[in-house]
Every structure is written in C-alpha cells, then in structure tokens.
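Colleague: Curious how this folds, go ahead:
(one chain, ligands or ions: 1)
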Amino acid sequence: ESYLTRLRLTEPHLKSFLHVSDAVSQQAHCLDGKIARNEEVGPLAGVLVGVKDNICTVDMPSTGGSRVLDGYRPPFDATAVRKIKELGGIVVGKTNLDEFGMGSTTEASAFQVTANPWDVSRVPGGSSGGSAAAVSARQCVVSLGSDTGGSVRQPASFCGVVGLKPTYGRVSRYGLMAYASSLDVIGCFGSSVADTGILLRVISGHDRLDATSSKREVPDFASQFASINLLESKPLKGLRVGLIRQTLDDGVDSGVVSLIRGAASHLEELGCSVTEISLPSFSLGLPAYYVLASSESSSNLSRYDGVRYGNQAAVDELNSLYGDSRAKGFGPEVKRRILMGTYALSAGYYDAYYKRAQQVRTLVRKSFKAALDQNDILVSPAAPSAAYKIGEKKDDPLAMYAGDIMTVNVNLAGLPALVLPCGFVEGGVAGLPVGIQMIGAAFDEVLKILIAIDIL
Ligand code: GLN
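Modeller: This next block holds a predicted model:
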C-alpha cells in the first residue's frame, strides 16, 4: 500500500506509467487470504512489478508506446509476465517507453514524456525510461524493461537504480514486441542487485515459445553470493577486472570518467586486480548497431499493417489502408528507422551496409570474447553523461544515437551486463546519478560478485 500511495503522489509529476492496474489491492487481498489460510504463495507474493509497455499483458493494454497499437489488448501474457504472476508478483501497470523501444529518452513515446525523479526537467533515459523512473521513485519494487542497444542500462544509470541486461537467450522473448530480434532481451530493474537477481531468476529459462531461448540451467543468482566473505579485508581477491580504455576517452563527461576510475580503485581495494584494456573495435559498434537494428526493425514492423493489430485507417482500398494506417500510426523516429533499414537492406546497398555491419558484429564479438578470456568482468560507464534536459537532443537524432556508444557493443556480442549506481555528478537539484557498467561472459551474469560489490 505504501508503494501505491507513492505512485498516486508522484505519478502526476513523473508520468512513468501508460496504464495503472485497478486490480492491485484486490490481488494483494487475495494473497493475504491465502497466507491467512496457510496456503502456499510464491516467492514474489505481493511484490509490485512494473512492466514496460512493449511486453504483452493479457489484462491490460499493451501499446509499445505507439499509436498503431492504441487500445490493443493482447490475448496472452508474455512468458516473463506469466512467470512473475505464477510466483505471486503483482503487475502494477505498464510503463512508458520510446515507441517500440526506439530512442534513449522516452520522448519518442506517442503518448507522454516521463520525467527523471532526480530532476523532473531531465529525461529518465530510454527506451525503458518509465520502468527505471518507477523503481527510482519507489512506485514499484522492481520492473521489467527491454534492452536492444542499452535501453535497460542507460536509464538505470540516469535514474540511479540497478539495471540488468541478461545474456541473449537467457529470458524468453515470447510476448516482447520485436524491435531487432537478434539483439532484443527482456531485462530487470531493482533498487539492489539482489532484488534484480531474484527477478532475473524468476523470468529466466528455456521456453518452447521462443526458439532462441537457451536450455542452460538457471543458477540461483541471488543466493550464490553466500560464499563471499564480506568480513574479509579483501573479499574480492582474485577477481580480474578489465577497464575498457576506449570508454574513458574524449567525449565522455569528465565527472563520469572520474567516478568510474574511483570505482575501479575501490575494486582494487577490495582485492580485484584492475587492468586497463583496449578494445580497438569498440567505436565500430555504434554504426554497425544502427544499421543492424534499423534493418531488423524495418522487417519486424511490417506486421503493423492496419489489418492484423491495432488501429486501422478508414479507407477501403487495400494499399491505402496499409499506407494510411502506418502513416498515421507510426511516429517520426520509427519512420526514420524503417527508412534507414529498408535502405540498408535494399539490393544495391546490402553489401555496403548490412553485410558490412554483420562483419563488424563478428569482430566486436571476437574482441569481447578475447577480453573476457583474460578478465572476469569488463568495466565502463553506462552512458557518456548523466541525464540531460528534456528536449535537449530531441531534434538531433545523431547526437541521441551517439549517446548509446557505451551499451550497443554488449548487445552485438549478446553478453550480460549490469549497471550499478556509483556516485553523482553535479547538476539538477542535488546532483545526478551515474552508473557503472559491468560486463560478464555469456551466461555468466556474475551476480554473485556484483551482489557483493553492491553490499560493500
Ligand atoms: N537507444 C537505442 C535505440 O534507439 C537502444 C534502444 C533499446 O535498447 N531498445 O535503438
């Protein structure tokens, strides 16, 4: 109830949610009844979970932040949502996002702009800005987001919460509206690594409804860390940490760089061996990502034709029906991506753009693999700056894209990464939060270590 009160008081200022459930109290009472009758309730019993609105929920609208799906109510729950509900979690509402996940601020939502709880004149990041703001403002305990190129990690950094992008394939994508299928993953937000780990455990695992979901066993991320002795003076002795040099170069806010370096020295004090490493292909990731993500999205979004889902333009002739429904339904950023993607995939340009971007992707994947053979975790900022003002980059798509430099490589390589708050830079009312990104090897979410770092 305290979360619901918080939600009621803060939501008019933040606008994190596109839809708030009216069944929360009733579901909570139902759980209370079960507990009173000594019936079994799941480990998430009564935990309020926010769900990004590009993740399907059967009893609430799911718009993906797009007019094309205004009013759409899916006839099914996404697998991640089903699992949360089965274990007693309560979906408190659907959170705001950039349309279909395309953006870095939530300003590309067709419905509203979410404010950053640390300073409401600033963006919460994106595209999962609503989910990050909701956890940051304690409107819910944990939340789900999606991360195609950084959409969980960058908003976690901007809003001062923990954000986790799992390994590609760790969590079923069934019910996640596809943006770029080879990069998309559902991720988690929480106010501690342990909370985030519990949520990850719940939603992970093979799903026959998603052929790319992995059959690997799901470890108990949150309880694994018991083996680390937090009372020792160097509890993280032996942990090899690689600090990625290219992420601390010019173009990155000096306040951010000093916080990351400060965190690295702290890791050293805790016993880690920290070395600065070079990933020469790092800067190639950004252009490759935008070619690949746009290409895949231009294909994925062809399903919104005004016939199968959502809104339909009032015309009789079939081609105009497609054209009008899409022209009215999609916002400018989505149209830009469809145009870029269609161009990159067209016969005359395929080799120059799409094929080349795939080659770069292989290069990026290999360089991360080599770096992670030498190190247990790679470290970088989660974004080149703290949260900026609403409107500041809205009309400059290239500046907006450039802000994704820290995160996109991790998606190209399919790796897990966690963002943890590591301090504040000047700005806003009383400082703005900054997150450190920690990248692990595939299927090694290294949460054991990260939980320890969180506690230390
Ligand atoms: N900002 C990036 C983009 O617009 C990443 C988005 C995401 O991860 N969904 O593509």
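
Colleague: Buried residues in stretch 397-410, which are they?
Modeller: Residues 397, 400-401, 403-410 are the ones in stretch 397-410 that count as buried (16 or more other CB atoms under 10 Å). From N, CA and C alone the C-beta is placed, and that goes for glycine too.

Colleague: all helices for the stretch 251-400 of the chain, in order.
Modeller: Using DSSP state H, counting those that start in this stretch, the helices of the stretch 251-400 of the chain run over 254-269, 285-300, 318-329, 332-345, 356-374, 397-402.

Colleague: where in this protein is pLDDT low?
Modeller: Segments of the chain classed as low confidence (criterion: pLDDT under 70) are 222-226.

Colleague: So which residues on it come close to the ligand?
Modeller: 101-104, 127, 146-151, 179, 293, 404 (CB under 6 Å from any ligand atom).

Colleague: Out of these, who's the most crowded?
Modeller: Neighbour counts for those (other CB atoms under 10 Å) peak at Ser151, which has 35 neighbours.

Colleague: Now flag whichever of the buried residues of stretch 397-410 is closest to Glu1.
Modeller: Thr407 (35.9 Å; CB to CB).

Colleague: List the contacts of the closest residue to the ligand within the stretch 251-400 of the chain.
Modeller: Per CB to the nearest ligand atom, Ala293 is where the stretch 251-400 of the chain lies closest to the ligand, at 5.2 Å. By CB atoms under 8 Å, 6 or more residues apart in numbering, Ala293 lies in contact with 148-149, 179-180, 183, 337, 341.

Colleague: now do Arg336
Modeller: Pro397.

Colleague: before we move on, back to that, mind listing which of the residues of the chain next to the ligand are in strands?
Modeller: By the criterion of DSSP state E, membership of the residues of the chain next to the ligand in strands covers 146-147.

Colleague: what are the ranges of the strands in the stretch 151-300 of the chain?
Modeller: Assigned by DSSP state E, counting those that start in this stretch, the stretch 151-300 of the chain shows strands spanning 162-165, 185-190, 240-244, 273-277.

Colleague: Quick check: phi and psi on the residue nearest to the spatial centre of the chain?
Modeller: Taking CA atoms, centre = their mean, the centroid of the chain lies closest to Val152, which sits 2.0 Å from it. As for Val152, its main-chain torsions (degrees, to the nearest 10) stand at phi -100, psi -40.

Colleague: I'd like the strands of the stretch 151-300 of the chain laid out as TSV, including distance to Phe221 and mean neighbour count.
Modeller: Conversion of the strands of the stretch 151-300 of the chain to TSV gives the following (distance: least, CB to CB, whole Å; neighbours: other CB atoms under 10 Å):
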stretch	distance to Phe221	mean neighbour count
strand 162-165	9	31
strand 185-190	10	29
strand 240-244	19	20
strand 273-277	24	15
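
Colleague: Of these, give the one that comes closest to Phe424.
Modeller: Nearest of the strands of the stretch 151-300 of the chain (CB to CB): strand 162-165, 15.8 Å.

Colleague: What strands flank that closest one, and is each parallel or antiparallel?
Modeller: strand 185-190 (antiparallel), strand 417-425 (antiparallel) (DSSP bridges).

Colleague: Can I get the shortest one as PDB, trimmed to CA atoms?
Modeller: Right, strand 185-190. Extracted as PDB, the C-alpha positions of strand 185-190 are listed here (Å, rounded to 0.1, in the frame of the first residue of the first chain):
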ATOM      1  CA  VAL A 185      16.400  -9.100 -24.500                       C
ATOM      2  CA  ILE A 186      14.000  -8.500 -21.600                       C
ATOM      3  CA  GLY A 187      15.900  -7.100 -18.600                       C
ATOM      4  CA  CYS A 188      15.300  -6.100 -15.000                       C
ATOM      5  CA  PHE A 189      15.400  -3.000 -12.800                       C
ATOM      6  CA  GLY A 190      15.600  -3.000  -9.000                       C
END
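
Colleague: Return the most buried member of the helices of the stretch 251-400 of the chain.
Modeller: Sort the helices of the stretch 251-400 of the chain by mean neighbour count, taking mean count of other CB atoms under 10 Å, and helix 285-300 sits at the top with a mean of 23.

Colleague: from memory the residue nearest to the centre of the chain sits against Ser128, does it?
Modeller: Yes: using CB atoms under 8 Å, Val152 is in contact with Ser128, at 5.4 Å.

Colleague: Can you check which residues contact both of the two?
Modeller: 145-146, 187, 189.

Colleague: ok, back up a step: of the residues of the chain next to the ligand, which pair is most distant in space?
Modeller: The farthest-apart pair in the residues of the chain next to the ligand, when distances are taken by CB to CB, is Ser146 and Asp404, at 14.4 Å.

Colleague: Could you single out the nearest of the buried residues of stretch 397-410 to Asp119?
Modeller: Nearest to Asp119 out of the buried residues of stretch 397-410 is Gly403 (CB to CB; 17.4 Å).

Colleague: Give the full set of residues in contact with the nearest residue to the closest one once chain neighbours are set aside.
Modeller: Spatial nearest neighbour of Gly403, excluding adjacent residues (CB to CB, 6 or more residues apart in numbering): Ser104 at 5.5 Å. Taking CB under 8 Å, 6+ apart as the criterion, Ser104 is in contact with 98, 123, 125-127, 150-151, 154, 393, 400, 403-404.

Colleague: Now, those that are in helices?
Modeller: Among those, the ones falling in helices (DSSP state H) are 154, 400.

Colleague: Tell me which two of the contacts of Ser104 sit farthest apart.
Modeller: Ser151 and Lys393 (15.6 Å).

Colleague: just to revisit the earlier point, dump the strands paired with strand 162-165 to a markdown table, plus distance to Ser172.
Modeller: Formatted as a markdown table, the strands paired with strand 162-165 follow (distance: least, CB to CB, whole Å):
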| stretch | distance to Ser172 |
| --- | --- |
| strand 185-190 | 8 |
| strand 417-425 | 19 |
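
Colleague: Out of these, the one nearest Asp316 is which?
Modeller: Closest approach to Asp316 among those (CB to CB): strand 185-190, 39.3 Å.

Colleague: Against Ser151, how distant is the residue in the stretch 301-450 of the chain that the ligand sits nearest to?
Modeller: Residue nearest to the ligand within the stretch 301-450 of the chain: Asp404 (4.8 Å; CB to the nearest ligand atom). Going from Asp404 to Ser151 by CB to CB, to the nearest Å gives 9 Å.

Colleague: Next: Pro74.
Modeller: As judged by CB to CB, Pro74 and Ser151 stand 20 Å apart.
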